[in-house]
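**Q** Predicted coordinates and the sequence they were generated for:
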Amino acid sequence: MYQLVNTLSHHKEADGIPIHIGTHYFPAARFPGIDEVFLSFGEGICFAS
């Protein structure tokens, strides 16, 4: 069974050096509007549906 997901990719830096890179998948039906919440945190966040 396939379902639509939102993909969150993010990175964090310290003194200009990448220290964390992550990708997370959220079921779109279960978390409507999650992209807006994470995008409100600022730079380093990329969302795709």
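**A** Cool, the structure landed. Source: prediction; values computed, not measured.
**Q** residues in contact with the most centrally placed residue in the chain?
**A** Note on the chain: the residue nearest the mean C-alpha position is Leu8, at 2.0 Å, using Cα atoms, centre = their mean. Neighbour list for Leu8: Gly22, Thr23, His24, Tyr25, Phe26, Ile34, Asp35, Phe38, Ile45, Cys46, Phe47 [criterion: Cβ atoms under 8 Å, 6 or more residues apart in numbering]. Just so you know, the C-beta spots here come from the backbone N, C-alpha and C atoms, and that holds for glycine as well.
**Q** Quick check: ChimeraX command selecting the buried ones in those.
**A** Here is the ChimeraX command that selects the buried residues among these (16 or more other Cβ atoms under 10 Å):
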select :26,34,35,38,47
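**Q** Redo the contacts of Leu8 as a markdown table? Include secondary structure.
**A** Shown next, in a markdown table, are the contacts of Leu8 (DSSP: H, G, I helix; E, B strand; the rest coil):
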| residue | secondary structure |
| --- | --- |
| Gly22 | strand |
| Thr23 | strand |
| His24 | strand |
| Tyr25 | strand |
| Phe26 | strand |
| Ile34 | helix |
| Asp35 | helix |
| Phe38 | helix |
| Ile45 | strand |
| Cys46 | strand |
| Phe47 | strand |
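**Q** For the residue nearest to the centre of the chain, which non-adjacent residue is closest in space?
**A** Counting by Cβ to Cβ, 6 or more residues apart in numbering, Leu8 lies nearest to His24, which is 4.6 Å off, once chain neighbours are set aside.
**Q** Tell me if I'm right that that neighbour and Thr7 touch.
**A** Yes: counting by Cβ atoms under 8 Å, His24 does reach Thr7; the two are 7.4 Å apart.
**Q** Where in the protein is the helix or strand with the lowest mean pLDDT?
**A** In the chain, no helix or strand scores lower on mean pLDDT, DSSP states H and E than strand 45-48, which sits at a mean of 71.
**Q** State the distance from the residue nearest to Leu8 to Met1.
**A** Distance of His24 to Met1, computed by Cβ to Cβ, to the nearest Å: 20 Å.
**Q** Run through the helices of the protein in chain order.
**A** 34-39 (DSSP state H).
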